[in-house]
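Undergrad: sequence plus the predicted model coming up.
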Amino acid sequence: MAQRLALQRLLSLPAGVPLASHGRAFGTSALRRSTFNVQDGSDFQDRVVNSPKPVVVDFHAQWCGPCKILGPRLEKLVAKQEGKVVMAKVDIDDHTDLAIEYEVSAVPTVLAMKNGDVVDKFVGIKDEDQLEAFLKKLIGA
């Protein structure tokens, strides 16, 4: 109910009026700010290859059981890095071209990228300690 009211208020704003000037701002969690779904090749180029920050790229599939376990773990740990790294999620069924380009032959496959280059990689599921070590190595902490 509260979401519906907020949406109605938002939709009734006059054109050109900034959202911040009308009551409560809509926020996102750290998880959402640090993780994004790749939309297409151009989006991958802009947000991953050209990223000024290190990027963890999670190649996954909806039908993949281990992906459903690894993804949330990785998202949580990336969010804990407080903006030092971002995470891109790439569904291999939607973006076969990217999977082929980055030689993804099994899912989950996770790449660590810095300045557009793959600097580390793992395939399969990892525990939290291994994921933390992977992130620390990428960030240089």
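TA: Received it, and whenever you're ready, just let me know what you need. Numbering: from 1, shown residues only.
Undergrad: ok, the most centrally placed residue in the chain - contacts?
TA: The structure's the chain has its C-alpha centroid closest to T35; by CA atoms, centre = their mean the separation is 2.7 Å. By CB atoms under 8 Å, 6 or more residues apart in numbering, T35 lies in contact with 75, 78-79, 86-89. The C-beta positions use only the backbone N, C-alpha and C, and glycine is treated the same way.
Undergrad: can you flag which of those residues belong to strands?
TA: Using DSSP state E, the subset of these located in strands is 86-89.
Undergrad: please enumerate the strands of the chain.
TA: 35-37, 55-60, 86-91, 109-114, 117-123.
Undergrad: residues making contact with stretch 101-108?
TA: Contact partners of stretch 101-108, identified using CB under 8 Å, 6+ apart, comprise 57-61, 64, 66-67, 70-71, 92, 98, 109, 111, 118, 123-125.
Undergrad: just the buried ones from the residues you listed?
TA: The neighbour-count criterion (16 or more other CB atoms under 10 Å) marks 57-61, 64, 66-67, 70-71, 92, 98, 109, 111 among those as buried.
Undergrad: before we move on, the earlier item: distance to D129 and pLDDT added to the ones in strands among the contacts of T35, as CSV?
TA: Listed next are those as CSV, based on distance: CB to CB, whole Å; pLDDT from 0 to 100:
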residue, distance to D129, pLDDT
V86, 22, 97
M87, 18, 98
A88, 23, 98
K89, 22, 98
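Undergrad: any chance of JSON lines for those residues, columns neighbour count and distance to Q45?
TA: Formatted as JSON lines, the ones in strands among the contacts of T35 follow (neighbours: other CB atoms under 10 Å; distance: CB to CB, whole Å):
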{"residue": "V86", "neighbour count": "21", "distance to Q45": "15"}
{"residue": "M87", "neighbour count": "22", "distance to Q45": "17"}
{"residue": "A88", "neighbour count": "21", "distance to Q45": "11"}
{"residue": "K89", "neighbour count": "17", "distance to Q45": "16"}
